[in-house]
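Enquirer: Output the structure for:
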Amino acid sequence: MRKTLLIGALTAVLFRLIVLTALPIAYAGPPFLTDDPEVVPYRHAEINFFSQGTNTERKMAGVLPGIDANYGLFLDVQIHILAQMSYNATSEKHSLSGDLNDIPYDYGYTEFGVKYSFISETSWRPLVAVYPFIEVPTSGRDFGAGNYQEFLPVWLEKNFGPWQTFGGGGYWINPGDKNKNYWFSAWALERKVTEDLTLGGELFRQTASTADGRDSSGFNLGGSYSFSEKYHLLFSAGRGIENVNETNQLSYYLALQWEY
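Expert: Presented below is the predicted three-dimensional model:
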């Protein structure tokens, strides 16, 4: 009974955080940008109710809220859909510290993907998967690239007792006026601290996605906490280490994950 009440209270707190705060960047493998090759078990699902974001010197954009759902359609295959409400404010058009009603807010892009784990882990071999997905524009450029985007990555993972390391990357197809195709790569390390708590960090790098854009790199620290077999809190925060003012002064991810 107490655990049920605690989960309900934390869910309410998370919802308030999602509604009242947010800032973004597209996170692939909650709570990190780095994804892993693990798939949701066959006929099971996981749903992340999340908020995420990134601040730069001249821009504040966010998701509030978002839903990231994954389902084990076949053995070693999961399907993925992500939907989000987003805002995007720049200092040239809006006051970044003023009235929130002045900040543009609309439905962002919708994301569809399929993850296929085709190499299983052994004592010497890593787990390997491909995870292509497409982002479908559903509003103006203020809330996305304005065009269909595709990501074609490969992800690897190896486990050593309480330690887990995973990473990889891929190529973004990014059509549109002044847009560029670009590369993204990342690697993460996590450790199971207790039965319920896992902590870790990641490093990532991305080449410029527009003709006048900048390359970016950075880090995030975070982890997960399990309230039960079904409910988990996912969290991370970090910043850039290259072209910081233009790309990432502060970023975060916060989610309540429900598995069934």
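Enquirer: Which residue ranges of the stretch 1-150 of the chain form strands?
Expert: Using DSSP state E, counting those that start in this stretch, the strands of the stretch 1-150 of the chain run over 45-55, 59-74, 77-90, 105-107, 110-119, 127-130, 133-136, 149-160.
Enquirer: Would you format those strands as a markdown table with mean neighbour count, mean pLDDT and distance to Thr194 included?
Expert: Where C-beta positions appear, they are placed from N, C-alpha and C, glycine not excepted. Output for these, formatted as a markdown table (neighbours: other C-beta atoms under 10 Å; pLDDT from 0 to 100; distance: least, C-beta to C-beta, whole Å):
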| stretch | mean neighbour count | mean pLDDT | distance to Thr194 |
| --- | --- | --- | --- |
| strand 45-55 | 21 | 93 | 21 |
| strand 59-74 | 20 | 90 | 25 |
| strand 77-90 | 20 | 87 | 27 |
| strand 105-107 | 14 | 77 | 39 |
| strand 110-119 | 17 | 97 | 27 |
| strand 127-130 | 19 | 98 | 24 |
| strand 133-136 | 17 | 94 | 33 |
| strand 149-160 | 18 | 97 | 17 |
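Enquirer: ok, so what distance separates Cys124 from Trp183?
Expert: In this structure residue 124 is Trp, not Cys. Computed as C-beta to C-beta, to the nearest Å, the Trp124 to Trp183 distance reads 28 Å.
Enquirer: quick one: which of those two has more around it?
Expert: Trp183 (15 against 6; other C-beta atoms under 10 Å).
Enquirer: And what about that one, helix, strand or coil?
Expert: strand (DSSP: H, G, I helix; E, B strand; the rest coil).
Enquirer: Gly113: what's it in contact with?
Expert: Counting by C-beta atoms under 8 Å, 6 or more residues apart in numbering, Gly113 touches Ile79, His80, Ile81, Tyr131, Pro132, Phe133, Ile134.
Enquirer: neighbours around the fourth one, how many?
Expert: It refers to Tyr131. Count around Tyr131 with other C-beta under 10 Å applied: 24.
Enquirer: Find the residue closest to it in space, skipping its chain neighbours.
Expert: Lys115 (4.2 Å; C-beta to C-beta, 6 or more residues apart in numbering).
Enquirer: The one you found and Gln78 touch, don't they?
Expert: Yes - counting by C-beta atoms under 8 Å, Lys115 touches Gln78, with 4.8 Å between them.
Enquirer: Leu197: what's its closest spatial neighbour, skipping adjacent residues?
Expert: Leu197 sits nearest to Tyr225 (C-beta to C-beta, 6+ apart), 5.3 Å away.
Enquirer: looking at this, Gly176 is in a strand?
Expert: No - assigned with three-state DSSP, Gly176 falls outside any strand and is coil.
Enquirer: That one and Trp258: what is the separation?
Expert: For Gly176 relative to Trp258 (C-beta to C-beta), the value is 35 Å.
Enquirer: now Glu150
Expert: For Glu150, the distance to Trp258 equals 28 Å [C-beta to C-beta].
Enquirer: Ala211 now?
Expert: Ala211 is 41 Å from Trp258, by C-beta to C-beta.
Enquirer: Which of these two has more residues huddled nearby?
Expert: Trp258 (16 against 9).
Enquirer: Okay, and the beta partners of the more buried one?
Expert: Going by DSSP bridges, Trp258 is paired in beta bridges with Ile47, Tyr231.
Enquirer: ok, now Asn70?
Expert: The partner residues for Asn70, given DSSP bridges, come to Glu46, His80.
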